[in-house]
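Asks: Have a look at this fold, sequence not included:
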């Protein structure tokens, strides 16, 4: 693939604003920890700053996990702060281009809207921003400026009902004005309907964010104008497809284009219909117990002990091999799916039988989704 041509025209950096959000720590506690989004947000901030956008027009809102300490000034990422910025502060600004970058936890609610959780979300009070209502607000006369907008969202789009919330998410739409034809919106979403957005806890970055940041860095001569969307998304889709081929993610990014000339949603080919969760768990249990070491209580305990203690301390355990395997896999899949791959690495490092390894990898891919 040859280097991209700068198809988008240059814009005056003084006419560019950006809302940049990266949330790693939530009031819900350690089970919600997500290392990466704050670092990704700072990387994006640096790209726009290097392109000449004034610091005062880069609205950086973070909730970093210790020990990460960003070396740039930032504000909090609580619900009241972000809602006020979206509803009151940004619409009052003058400018031609708006970038919105958001990394953190998300869920697709029962109305099909993507909810982006804020840093003060708890298990009992899941405070968040309704992305779809925000897009509607920014496409109408409630926001007179920012005729060119690019929204980038690296968050899961897991179905709300699949997460077993005790209570349904309450409506929390932003106010909207009258619809108009004055705005062009490009929306890049990482995961795809019903899917999780993969995170690399070792490198502390979202896989989608890392891909997109590298592509934007390659297009630094175009910034701070948004790159040509079709060309950018084609490159994103190609790289994420390679990650799927490596078994590192199951996500299918999506791009939505909305303008007076064009309205279109471009998903990747739809994934196959999901199998029943019970069948997915059964396959993973069978694949794990195919390893003789996992049937031996002492060896099984050694494997589990090698996992992150913050995860294993919450797992229900049992003396019977099959029940213990069910508890281990179910606990990892629900609390931190990426930890399934830590378990995979530990098991295959002891027994690298190729047939067992391939079956375990495929079973874990399905279960992690």
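Replies: Thanks, I have the structure now. Keep in mind the model is a prediction, meaning the values are calculated, not measured. Numbering: from 1, shown residues only.
Asks: just the strands in this structure please.
Replies: Using DSSP state E, the strands of the chain run over 16-23, 58-63, 97-103, 106-108, 114-117, 128-130, 148-154, 184-189, 199-200, 205-206, 254-258, 263-267.
Asks: helices or strands up against the helix of greatest length in the chain?
Replies: If you go by DSSP state H, the chain has its longest helix at helix 229-245. Using 3 or more C-beta pairs under 8 Å, 6 or more residues apart in numbering; DSSP states H and E, the elements in contact with helix 229-245 are strand 184-189, helix 207-218, strand 254-258. The C-beta positions use only the backbone N, C-alpha and C, and glycine is treated the same way.
Asks: can these go into a markdown table with extra columns for mean neighbour count and distance to residue 75?
Replies: Shown next, in a markdown table, are those (neighbours: other C-beta atoms under 10 Å; distance: least, C-beta to C-beta, whole Å):
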| stretch | mean neighbour count | distance to residue 75 |
| --- | --- | --- |
| strand 184-189 | 22 | 24 |
| helix 207-218 | 20 | 20 |
| strand 254-258 | 18 | 28 |
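Asks: re the thing from before, pLDDT on the longest helix of the chain, on average?
Replies: Taken as a whole, helix 229-245 carries a mean pLDDT of 84.
Asks: same check, this time on stretch 31-38
Replies: Confidence for stretch 31-38, expressed as mean pLDDT, is 93.
Asks: Report the buried residues of that stretch.
Replies: Residues of stretch 31-38 classed as buried: 32, 34, 35, 36, 37, 38 (neighbour count, 16 or more other C-beta atoms under 10 Å).
Asks: Relative to residue 189, which of those is nearest.
Replies: Lowest distance from residue 189 to the buried residues of stretch 31-38 (C-beta to C-beta) belongs to residue 37, with 14.8 Å.
Asks: In the sheet, which residues pair with the residue nearest to that closest one when sequence neighbours are not counted? Tell me.
Replies: In space, and not counting its chain neighbours, residue 37 is closest to residue 103: 3.2 Å by C-beta to C-beta, 6 or more residues apart in numbering. Beta-bridge partners recorded for residue 103 (DSSP bridges): residue 22, residue 154.
Asks: Could you tell me which residues make contact with residue 103?
Replies: Residue 103 is in contact with 21-23, 36-38, 40-41, 153-155, 206, 209, counting by C-beta atoms under 8 Å, 6 or more residues apart in numbering.
Asks: let's go with 7 Å and repeat that
Replies: Residues near residue 103 by C-beta atoms under 7 Å, 6 or more residues apart in numbering: 21, 22, 37, 40, 41, 154, 155, 206, 209.
Asks: Please report how far the fourth one lies from residue 207.
Replies: Applying C-beta to C-beta, to the nearest Å, one obtains 10 Å for the distance of residue 40 from residue 207.
Asks: Fine, thanks again, bye for now.
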